[in-house]
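Engineer: what would the 3D arrangement of this be:
(3 chains)
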Amino acid sequence: MTSDNDRRRGLLARLRGERSAARSRGRRRLGAAVRLIAALTLAGGAYTVFAPGVQAQENPPLTGAAAEGKALFDVSCVTCHGRNAQGVDGRGPSLIGVGSASVEFQVSSGRMPMARQEAQAMRKPPVFTDEQVRQLGQFVQELGGGPQVPEGDLREGANLATGGELFRINCSQCHAFGGGGGALSSGKYAPSLRPASDRQIYAAMLSGPQNMPVFGDNQITPEQKADIIAYIQDTLKHDQDQGGFNLGRYGPSTEGLAIFLIGIVALVFASLWIAGKS
Amino acid sequence: MSTKTEHQAHQGPEPLDVHDPRLSRFDIVREGARRDDIEIVHYEEQVVPGSKAERRLTRTVASMFLLTGLAATAFLVVYIWWPWEYEPGSGGDKYYTPLLGLTLGVALLGIGFGILTWGKKLLPKEVSIQDRHENDPNVAESRKITGETMLYLADEMGVKRRPLLGISLLAGLAPVGAVAAAPLVGGLISNPHKNNQMFTTGFAPADGRKIRLVREDGRPIRPADISAGGQLTVFPGIEHGVSNKHADSPTLLIHLRESDAQVSREANQRVGHGNYMWGNYAAFSKICTHAGCPASLYEQQTNRLLCPCHQSQFLITDNARPVFGPASRRLPQLPIEVDDEGFFVARSDYTETVGPDFWERP
Amino acid sequence: MKRRKLDMASVPGKAAVGVDDRFGVSTPLRKLLNKVFPDHWSFLLGEIALFSFVVLLLTGVFLTFFYEPAMTEVVYNGSYAPLRGTPMSAAYASSLDISFDVRGGLIMRQMHHWSALLFMAAIVVHMLRVFFTGAFRKPRETNWIIGSLLFWVGFLAGFTGYSLPDDGLSGTGLRIASGIMLSIPVIGSWVTSSIFGGEFPGEIIISRFFIAHVLLIPGLLVALISAHLGLVFKQKHTQWPGPGRTNDNVVGERMFPRYALKQGGFFMVVFGVIALMGGLFQINPIWYFGPYEAWVVSAASQPDWYVMFLDGSTRLMPAWEINIPIGDGYVIPPLFWPTVVLPGVLVGLSTLYPFVEARRLKDYRSHNLLQRPRDVPERTAIGAMAVAFYIVLTLSGGNDVIADKFHISLNAMTWAGRIGLLVIPPLAYYVTYRICLGLQQHDREVLAHGVETGIIRRLPDGRFEEVHQPLAAGGHDGHAELEYAGWVVPKKMNRLGALGPAIRGFFYPIEKPAEAPVSPGHPPVEPLPERKEISSGESRR
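Structural biologist: Take a look at the predicted model:
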């Protein structure tokens, strides 16, 4: 079983090699951002190394990026999450220990800051730039630790078939086979995966935003996460729909609508013409 | 623009002599129709032969047929030469099937509308009347004759006078019918309670050995593998455990948050399932008790489990009690513990029946 | 070598003589073919179903050449990369091969599926036509029953076919079907294990479904369709009332040549529409669903549209479980009512309806003339009620998709469906009944007072009134009240006259309207000679 798996992985890695040249420009921009953040983190790390004494204090001083993040936090997030991100009852949860993965997911997808309290935060155009997201993430990370999205290519050496299998076991029940999302109880829903970036999907799995279960690294290893991301991005989104227009991939409900609105309507018009007086 | 050949209605009931050389072909057709109780009362050429209108219509129909030829040729060209094979990485060609559909559809519609235009615009219009003959005295007469014939038949057979024949024939034939059905039914019939299969799952301890919970790839699971607020689909660690052979066994292993786990444990106590959880971990059957779909839409904040087929909702922290939708029975809970090597095992099989409800479920 | 000259023109005649010498068929055959069919667009709806059935047979035969009805586990190694190396059943693997490795296989699969949906849709639309026009009345009750059986047999054909690819979505449907069978009291578990050959899913169900789908059910469909058409032929088609049309005749065209030609053309049009849909719209992309695995499911799992009403009724059903405390205790699960009892009741109601109506109206005569829906408000309202019931159920079958895409709470959708199912059908009954009465009233008004002309006249005393064009002369105030004939009453000035609208054309006029200035009371001036050619003496005034 395992050796078979490895063989498959190798084969697919080879197949994927041809495709990697077609990486999008957004990807490269993301790479630049990653390098920038890495540099910032490194600078921050260097700072902590050279200032060991401050660690002992109750409120450790923040690194440069985190300090920027805190400034942003105090302007935009403090209303709901409280002064030290400890949360405000009935408005927003504590952010201590949620990690930068959670921040990255919520803020970069525009879900946070929330416009108003509702069953579930919706995806919106993001308020903050990528760099500001990093700064906020760094701030929350330094508050209480937590899961972090790794840097680099998140689809490195992925195996599409394994990704598909994992997707169908772990993801499709809520996000649907086509990745279009679906309804949950009482107005909550699993969002469509189509607008999600690699890092957002990774962050969502790590942090389990809102009602999504957490898929930690012990449960779904980083390699498996790469497989799933590759399956979503390369197959569900990138792959062409072979059979023509996909009717929104809503399954039989739109197909049923189509047969009446297109098939029956067209043929009724035809029969009107055929039986009409000439 | 229209010339009308209005024929005089009713030329008398007497049949025409069809060999009369003065008759036109149409007269014979009319006569034939009349003999079949059809009166052609109105027959009208729609276009004057040789007129401009006729030539225009002919051109229209011809161009539709030619369009069909073109589209059909295009279909063949696409079918043979268009790249159609699935390319790993870029997917299949997204135009191949649509192009086939388009060319085939146009070809068929061309021929269809060509024929329709031909029939509708170029052929003469007519109005014919056919009698239904429902109140025909001849029909009543023939009905009477048939009825009497059948009654006479019955008399001849004499079943009424000799009832024993009829009864014994029925008595003899009934088992023959059963004989015809028996091999089919007998071959199909299969005992649902063989090996107690409806009440056991793959987690039933075999040879006194407790069954491990494994992942889809067969690896056993340690408690550290699931983060709080996470869930994992697990299977019995037996041969073919991860396959449709054990379609009732898939189980959802959930790591509850501390506070939820507390509530859940108390709920367990209430129904006498005190030791079913291990730490903050609980395992529930993934097979909905309503219709058997995998109820696996776990909402980690509300601790609800939603079934995507009919929207039954189960509250995990209250013994997976159905709180909404058509399901009437809670999801069975699998008693779990951790073995000496630190892997999850099922303490025993499910203590309630897994899967959709049925009549004899105790 | 000397060849006898062949006179091509005499060949058909000679051949006919030759055939008749041997079989003596010319008179019965002519009688059979010399048939008059009334022409109305709504009589073509059933044809759509018939023609899509033919397309189903054609495409279905193609698919059997490549499909492998086996649940043997194989490891997929075809071209579709995202599933390569995945263990799956041979049935699913061969369905993937049809989609990716058979040239032109995907369009065949899609055409087959679309024509199945069209078949069922056309059956329903045709059934509604028959119902609302009263075409099911004596002597056609048998054909009504055959028709409603055709819906249910088509339903089975669709469901078995839908399950054959053995993909994740259809497998979920199969699992629900097994749950439904299990829910039958007393014999449920025996029925299920007999059909599946043991516990679900077993290893035999796909091959059993295959033989049912390609032989048994199509055989039954062909038999029923033949009986259906045979009866239409024997009993002759119904017709709308109109000039010259009575209960004892059929007014229309002979079958040959024009009617048959039009039918042939319509078949090609139906085929063409199916081909277009099969190519342009993706249906049932099984490669996203993966092989069926008992633990895999997708959000928005729905059956095809004609099963959706049962899915809807299942979703709306409250969790009412009946426990029977005898012995160990027995259960009737809530699943039983909406999926076994409801279809049973629906079959019963639909087949019995013609007899119920005849009994209620004490009407046991034969009817060959159709009724306009407005003239039978009660039946029309019952029909509207049934349609409303069906639509609420069907929408509820997709309520999670509606909830998700329109941002409505799922639980609210379920409750809306539950309440809607009780409230909307009676409402539909009432509203339809009133609309029918209103339309009737208006018809009678026009017959009594004439057509509204849109001309406003001012009376000497200052009042304004609209001028009405009477439909018949005579009577005390210049026109007589006409008897309602069960057919369309002209309600606009340009609908007057026997020949229908004066300006012909479907979307735009083919004829030029008269160019002379038209003023009320003066007919348009047309050149005389042209009108003289018409020998019938009819005038359009």
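
Engineer: which single residue of the stretch 251-400 of chain C ends up nearest chain B?
Structural biologist: residue C:279 (0.9 Å; C-beta to the nearest C-beta). (C-beta placed from N, C-alpha, C; glycine too.)

Engineer: so where's the chain shaky on pLDDT?
Structural biologist: In the absence of a named chain, chain A is used. Along chain A, the parts satisfying pLDDT under 70 run over A:1-62, A:119, A:239-240, A:277-278.

Engineer: looking at chain C here, not the other one
Structural biologist: C:1-6, C:474-480, C:494-541.

Engineer: what residue spans form the domains of chain B?
Structural biologist: B:1-132, B:213-346 (automatic domain parsing).

Engineer: now the first one, how far from the centre of its chain.
Structural biologist: Relative to the mean C-alpha coordinate of its chain, domain B:1-132 is positioned 36 Å out (C-alpha atoms, centre = their mean, to the nearest Å).

Engineer: just the mean pLDDT for it, thanks.
Structural biologist: Averaged over domain B:1-132, pLDDT sits at 84.

Engineer: equivalent analysis for the longest one, please.
Structural biologist: Across domain B:213-346, pLDDT averages out at 91.

Engineer: was I right to think the residue of the stretch 251-400 of chain C closest to chain B contacts residue B:96?
Structural biologist: No. Here residue C:279 does not reach residue B:96: they are 9.2 Å apart, not a contact under C-beta atoms under 8 Å.

Engineer: those two: which is more packed in?
Structural biologist: Legend: neighbour count by other C-beta atoms under 10 Å in any protein chain shown for residue C:279 and residue B:96, higher for residue C:279 (28 against 24).

Engineer: now do the contacts for that one.
Structural biologist: Shown in contact with residue C:279 (C-beta atoms under 8 Å, 6 or more residues apart in numbering or on different chains): A:244, B:97, B:98, B:99, B:100, B:101, B:102, B:104, B:105, C:107, C:110, C:111.

Engineer: and which of these is nearest residue A:266?
Structural biologist: residue B:105 (10.8 Å; C-beta to C-beta).

Engineer: what about residue 181, how many neighbours?
Structural biologist: No chain specified, so I'll use chain A. With other C-beta under 10 Å as criterion, residue A:181 counts 19.

Engineer: wrong one, I was asking about chain C
Structural biologist: 24.

Engineer: up against chain A, what does the stretch 251-400 of chain C have?
Structural biologist: Within the stretch 251-400 of chain C, the residues that sit near chain A (C-beta under 8 Å from any C-beta of the partner chain) are C:262, C:265-266, C:269-270, C:273-274, C:277, C:279-285, C:288-290, C:293, C:295-306, C:308, C:394, C:397-398, C:400.

Engineer: which ones among those residues map onto helices?
Structural biologist: If you go by DSSP state H, these have C:262, C:265-266, C:269-270, C:273-274, C:277, C:279-280, C:288-289, C:305-306, C:308, C:394, C:397, C:400 in helices.

Engineer: is the residue in the stretch 51-200 of chain A that chain B sits nearest to in a helix, a strand, or coil?
Structural biologist: Proximity to chain B, evaluated over the stretch 51-200 of chain A using C-beta to the nearest C-beta, is greatest for residue A:173 at 4.5 Å. Residue A:173 carries the three-state label helix when classified by DSSP: H, G, I helix; E, B strand; the rest coil.

Engineer: measure residue B:109 to residue B:64 for me?
Structural biologist: 9 Å (C-beta to C-beta, to the nearest Å).

Engineer: just checking, what packs against the biggest strand by length in chain C?
Structural biologist: Identified as the longest strand of chain C according to DSSP state E is strand C:451-458. Applying 3 or more C-beta pairs under 8 Å, 6 or more residues apart in numbering or on different chains; DSSP states H and E, one finds that strand C:451-458 makes contact with strand C:464-469.

Engineer: show me what the strand it packs on is in contact with.
Structural biologist: Contacts for strand C:464-469 (C-beta under 8 Å, 6+ apart): C:449-459, C:493, C:496.

Engineer: same question, stretch C:196-210
Structural biologist: B:188, B:190, B:192, B:194, B:197-198, B:244, B:247-248, B:292, C:67, C:69-71, C:89, C:91, C:160, C:163-164, C:166, C:171, C:174-175, C:178, C:192-193, C:195, C:292, C:294.

Engineer: which entries within those meet the buried criterion?
Structural biologist: B:190, B:192, B:198, B:244, B:247-248, B:292, C:67, C:69-71, C:89, C:91, C:160, C:163-164, C:166, C:171, C:174-175, C:178, C:192-193, C:195, C:292, C:294 (16 or more other C-beta atoms under 10 Å in any protein chain shown).

Engineer: alright, that wraps it up for me.
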